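*Asks:* after the sequence you'll find the predicted model.
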Amino acid sequence: MGTTQLEPVPEPKYWHLRTVLSEALDSEFSVGEILPNERDLAARFGVARATLRQALEQLELEGRLQRRRGVGTTVAPPRVGVAVGTQRHTWPGTAGDAWQPVDCTLAAPPAPVAEALGTGRDEPVHTVRRSRVTHGQPVAAELLYIPQTSVPDLSAIDAPSGPARARAVLRELQRLELDHQDSAVELGSARADDARELDRLPGAPVLVVTTRYTAEGRTAALSTATYRADTCRLTFGDSGDVEIHHGPQTQAS
């Protein structure tokens, strides 16, 4: 059977424009800056608006641009590295934790969470809500479920909810000796509440990281963190750090 020589295919015009635009983003624009409108950009680069849209859509897929409702197309912040497969185990809320507590409530969790925690289906647990923000934009939201048996001494805490309550619950959780933590990652779609918190449309792609924290031979806490898929990437290593990468080519640790 003979071989067939493939003729070289010229680079699509939108792809060449995507390369030119990417270089312009690095040299002329800063994170969060709003791009000129499509008409002006098309005129600047001498292309049809349809070609420009293809290039912008490609850069959005690559995480270089964000289309924000009511704002326009902006330069995206560097991607957040989501560390998985790490050997470093730490409780949420310890020093260096980039998550910010938002609220804490006491309520029965969803049935799958109650099963994972080993609590009764109607038994209330502490639900700590936290957010992750970079360059002023939300990139992740977390729900951390903590059984009351993991934090028994909260009698001196006056705040019934809010960030203060959340920090108190996390401090009490850290009194336990952490035996182990393990994480699982899956691709999902943003639910309405996640989309609202992450400034995305419902159904937008997200990465869902579920982490189980074990202490004293039982599940002491369970975290479900939802990351914007266009602003993060998975990293593998032993450091356990979640880093902000300050350039598109910077390698995660």
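*Replies:* Yep, it's here.
*Asks:* and the residue nearest to the spatial centre of the chain, what helix or strand is that in?
*Replies:* Among the residues of the chain, the one closest to the centroid is Tyr227, at 2.3 Å (CA atoms, centre = their mean). Per DSSP states H and E: Tyr227 is located in strand 218-228.
*Asks:* what pairs with that strand, parallel or antiparallel?
*Replies:* Paired strands of strand 218-228, with direction, are strand 137-146 (antiparallel), strand 205-215 (antiparallel) (DSSP bridges).
*Asks:* and the next element down the chain from that strand?
*Replies:* Beyond strand 218-228 toward the C-terminal end (DSSP H and E), the next one is strand 232-236.
*Asks:* using PDB, list the CA coordinates for that following strand.
*Replies:* Output of strand 232-236 as PDB, limited to C-alpha atoms (Å, rounded to 0.1, in the frame of the first residue of the first chain):
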ATOM      1  CA  CYS A 232      -8.100  27.000  36.800                       C
ATOM      2  CA  ARG A 233      -6.000  24.000  35.900                       C
ATOM      3  CA  LEU A 234      -5.200  20.800  37.700                       C
ATOM      4  CA  THR A 235      -1.600  20.500  39.100                       C
ATOM      5  CA  PHE A 236       0.100  17.400  40.500                       C
END
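*Asks:* just checking, what packs against it?
*Replies:* When contacts are defined as 3 or more CB pairs under 8 Å, 6 or more residues apart in numbering; DSSP states H and E, strand 232-236 packs onto strand 80-84. Bear in mind the C-beta positions are built from the backbone N, C-alpha and C, glycine included.
*Asks:* try it again at 10 Å.
*Replies:* The criterion is 3 or more CB pairs under 10 Å, 6 or more residues apart in numbering; DSSP states H and E, and the helices and strands that strand 232-236 contacts are strand 80-84, strand 205-215.
*Asks:* which residues touch stretch 21-36?
*Replies:* Residues outside stretch 21-36 that contact it (CB atoms under 10 Å, 6 or more residues apart in numbering): 14, 41-45, 52, 55-56, 58-59, 62, 64-68, 71-78, 134-137, 246-249.
*Asks:* try it again with 8 Å
*Replies:* 41, 44-45, 55-56, 59, 64-65, 71-78, 135-137, 248 (CB atoms under 8 Å, 6 or more residues apart in numbering).
*Asks:* got it, and stretch 169-181?
*Replies:* With CB under 8 Å, 6+ apart, stretch 169-181 has contacts from 89-94, 101, 104, 126, 128, 146, 150-154, 211-217, 220-221.
*Asks:* just the buried ones from those?
*Replies:* 91-93, 101, 104, 126, 128, 146, 150-151, 211-215, 220-221 (16 or more other CB atoms under 10 Å).
*Asks:* any weak-confidence spans in the stretch 101-250 of the chain?
*Replies:* For the stretch 101-250 of the chain, residues meeting the criterion pLDDT under 70 lie at 155-159, 236-250.
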